[in-house]
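Novice: could you work out the structure for the sequence below:
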Amino acid sequence: MEFGGRRVRRNRRVEVEMSYPSSLQFYSTPPSGNVSLMEFDEMAVERLKILRTIERLNLSGQIKNSEEWVNKLYDDFSKNKYFIVKTEKISDDKRDEVEAARRQDHISHFIMRLVYCRTEELRRWFISNETDLFRARFQHIAKSKPEQITKFMAQNNLNFTPITNEELNSERENLIKGTHYIAGGDMLEGRTFFKVLFTEALELVKSRKVFLKGGFAYVPDTDLVTLVATSFRAHLSQALAFTNRALPQLDDDERLFKLLQDFDKRYTGNDYSEKKKGQHHVITPDMIDHIATKSFPPCMRQLNDVLRTTHHLKHGGRLTYGLFLKAAGLSLEDALHFWRSHFTKNMELDKFERQYAYGVRYNYGKEGKRTDYTPYSCLKIIMMSIGPGDAHGCPFKHCDTPVLKQRLMAYGIPTQALSEIMDLVSKSHYQIACQRYWEATHNATLETGINHPNQFFEESQKYISGTVPPSQGKATQHLVKGTRAVVYSSQSSHYSSGTSTQSTEDNTQAFSNTKRTELDASDAFDDDDDSALLASYVDTPES
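Specialist: Predicted structure coming up:
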């Protein structure tokens, strides 16, 4: 029995290494086999979270591709137990886990191709963040498991020829002067240089980091990742163009079309329809005005201010604010009391009970379909169309600049923070602006970003009560790059400019729950349950 067990483990190791010889992939061959729609969705959501983590870190001011940048990414990956980390851990007792993780890496990448091949802007976002993910993984593996890099290079025919010792000696002075981190001849000792066409190292040429001669760039081994990443980017760009041409036949599959439609706008944060044990806040109507000034995001504070002043909100405002208060811990009985106390200042009690009480009970799942509706996420609020007299929406997106600035000043935002927030708003980084607002009002940093009004509220309450996560501390000045992030336009269903700083600590939301309860609380339509098997079919151009 003992020898049989060892043989099984050896066979499993060979099987894993033959299927996925390296934890890195160029994704040259599409996956095959059957995947359930639920697994399909879960794989895609986890990869979307990973890519949004990269985007958020890039906008936080970290030096991209630095060792600290890689470490921060992997800290986040490990904390959230993403499959990326599992792909690199090889041990005899975890072969099945490694194979499953590498399979998920393979399949989820191709799912993302189906989502992000549709427009030029989607392709740019995906290529940028997938390439950054590839670079981070390459650098991490090169440091801990260099033999995997060698195997990966050989598998993908990435043969960069090193220069000879004779050429190294003849170009010694030029290499010292032309290579960005070499300050003296002693730093050349033991160093390997690759001689490649300058077009294969444009990133290094652009930043003047390498020596050029005769149309060739002399690239040190420490910058090998740049050469490989450039090749990865070119391959992915070509593959996305090919996938885009094949889309019409995919759109005929109704099951996949439902899953992939607007997937780039998917909310990947916490499910606030049901509170987890130990995280349940309880608020009462008499507490709301006080905590609104301390712990409500500007979108909800704005709704509360209008309600206090006019004792009325239009339908969109009632729905947005009512679901937020529900998730914040306001019971149905207290919600009825809260809305009744305001609305009856303008109308008879009988009119409130006939026209408005039903809507409150409906939000709590006590009327109609009796569905536990979730509060709206930042993305949903940013995408809203705001009409005359409406008080809902994202102030950073929907308020005129002078009005927003005046309001933030009234909220007591310091001058420096106010300037940073307004600069972020001008670049359409609405959620990062909200994060900066949180930091300015709490004098602390919030590394997870803001992706939901109730997340803003919960992080505030945790900070005020003293249960602050280790990632938080005294606020520091943020250096936000002027690059464009994910943003969602209320005028279009397409991807445009903005931000999607998604929280990476939250649980994956199943497609049917998220799509059905978050987006359609106002009209509550039925969807058929998805239960089928998907035969993976995505083709790529020949290498």
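Novice: helices of the stretch 101-250 of the chain, start to end?
Specialist: Shown for the stretch 101-250 of the chain, the helices assigned by DSSP state H, counting those that start in this stretch span residues 120-144, 146-155, 165-170, 172-178, 202-206, 224-245, 247-251.
Novice: mind checking those for the one nearest to S460?
Specialist: Closest approach to S460 among the helices of the stretch 101-250 of the chain is made by helix 120-144 (29.2 Å; C-beta to C-beta). No exception for glycine: its C-beta is placed from N, CA and C like everyone else's.
Novice: who are the packing partners of that closest one?
Specialist: When contacts are defined as 3 or more C-beta pairs under 8 Å, 6 or more residues apart in numbering; DSSP states H and E, helix 120-144 packs onto helix 37-59, helix 67-79, helix 95-116, helix 146-155, helix 224-245, strand 495-498.
Novice: any idea which of the helices of the stretch 101-250 of the chain scores lowest on pLDDT?
Specialist: Mean pLDDT is lowest for helix 247-251 among the helices of the stretch 101-250 of the chain, at a mean of 79.
Novice: got the contact list for that helix?
Specialist: For helix 247-251, the external contacting residues (C-beta atoms under 8 Å, 6 or more residues apart in numbering) are 114, 117-118, 256-257.
Novice: need the helices of the stretch 101-250 of the chain in TSV (columns: distance to T53 and mean neighbour count).
Specialist: Converted to TSV, the helices of the stretch 101-250 of the chain look like this (distance: least, C-beta to C-beta, whole Å; neighbours: other C-beta atoms under 10 Å):
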stretch	distance to T53	mean neighbour count
helix 120-144	9	19
helix 146-155	23	15
helix 165-170	40	12
helix 172-178	35	14
helix 202-206	22	15
helix 224-245	18	18
helix 247-251	27	11
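Novice: can I get those in TSV with distance to D286?
Specialist: Below are these laid out as TSV (distance: least, C-beta to C-beta, whole Å):
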stretch	distance to D286
helix 120-144	46
helix 146-155	60
helix 165-170	77
helix 172-178	70
helix 202-206	59
helix 224-245	55
helix 247-251	53
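Novice: quick one on the thing from earlier: right, so of the helices and strands packed on helix 120-144, which gets closest to T415?
Specialist: Evaluated over the helices and strands packed on helix 120-144, closeness to T415 peaks at helix 37-59, with 22.6 Å, by C-beta to C-beta.
Novice: elements contacting that closest one?
Specialist: Under the contact rule (3+ C-beta pairs under 8 Å, 6+ apart), helix 37-59 is packed against helix 67-79, helix 95-116, helix 120-144, helix 254-260, strand 485-488, strand 533-535.
Novice: give me the contact list for the first one.
Specialist: Among residues not part of helix 67-79, those counted as contacts by C-beta under 8 Å, 6+ apart are 50, 53-54, 57, 62-63, 84-85, 136, 139-140, 504-505.
Novice: same thing but 6 Å
Specialist: The list of residues contacting helix 67-79 from outside it, by C-beta atoms under 6 Å, 6 or more residues apart in numbering, reads 53, 62, 84-85, 136, 139-140, 504.
Novice: quick check: which of the helices and strands packed on helix 37-59 is nearest to E348?
Specialist: Between those, strand 485-488 lies closest to E348; by C-beta to C-beta that is 40.8 Å.
Novice: so for stretch 310-326, what gets flagged as buried?
Specialist: Residues of stretch 310-326 classed as buried by neighbour count (16 or more other C-beta atoms under 10 Å): 312-313, 316-326.
Novice: helices - which of the residues you listed land there?
Specialist: Assignment to helices by DSSP state H places the following of those there: 316-326.
Novice: now these in TSV, with distance to Y356 and pLDDT?
Specialist: As requested, those are arranged in TSV below (distance: C-beta to C-beta, whole Å; pLDDT from 0 to 100):
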residue	distance to Y356	pLDDT
G316	14	94
G317	12	95
R318	8	95
L319	12	94
T320	15	96
Y321	13	96
G322	10	95
L323	15	95
F324	17	95
L325	15	96
K326	15	94
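Novice: how about K209, nearest residue that isn't a chain neighbour?
Specialist: With C-beta to C-beta, 6 or more residues apart in numbering as the criterion, K209 has its nearest non-adjacent residue at 3.9 Å, and that residue is H180.
Novice: phi and psi next, for the one you found.
Specialist: Recorded main-chain torsions at H180 are phi -60, psi -30, according to degrees, to the nearest 10.
Novice: surely it touches F211?
Specialist: No: H180 is beyond contact range of F211, at 9.8 Å (criterion: C-beta atoms under 6 Å).
Novice: what about those two, which has more around it?
Specialist: With neighbours defined as other C-beta atoms under 10 Å, H180 and F211 compare such that F211 has more, 21 against 14.
Novice: any idea what the more buried one is bridged to?
Specialist: Partner residues in beta bridges with F211, using DSSP bridges, are Y218.
Novice: local confidence estimate at it?
Specialist: In this model, F211 is scored at 89, pLDDT.
Novice: cool, and the one 5 residues further on?
Specialist: Reported pLDDT at F216 in the predicted model: 91.
Novice: same question for D400.
Specialist: Per-residue confidence for D400 comes out at a pLDDT of 93.
Novice: tally of neighbours for it?
Specialist: Other residues lying near D400 total 8 when counted by other C-beta under 10 Å.
Novice: helices along the stretch 251-400 of the chain, start to end?
Specialist: If DSSP H, counting those that start in this stretch is used as the criterion, the helices of the stretch 251-400 of the chain fall at 254-260, 285-295, 298-310, 315-328, 332-343, 349-355, 357-363, 378-382, 395-398.
Novice: next secondary structure element downstream of the last one?
Specialist: Think helix 395-398. In the C-terminal direction, the helix or strand that comes right after helix 395-398 (DSSP states H and E) is helix 401-410.
Novice: gap between that next one and the chain center?
Specialist: Here the centre of helix 401-410 is set off from its chain's centre by 29 Å, with C-alpha atoms, centre = their mean, to the nearest Å.
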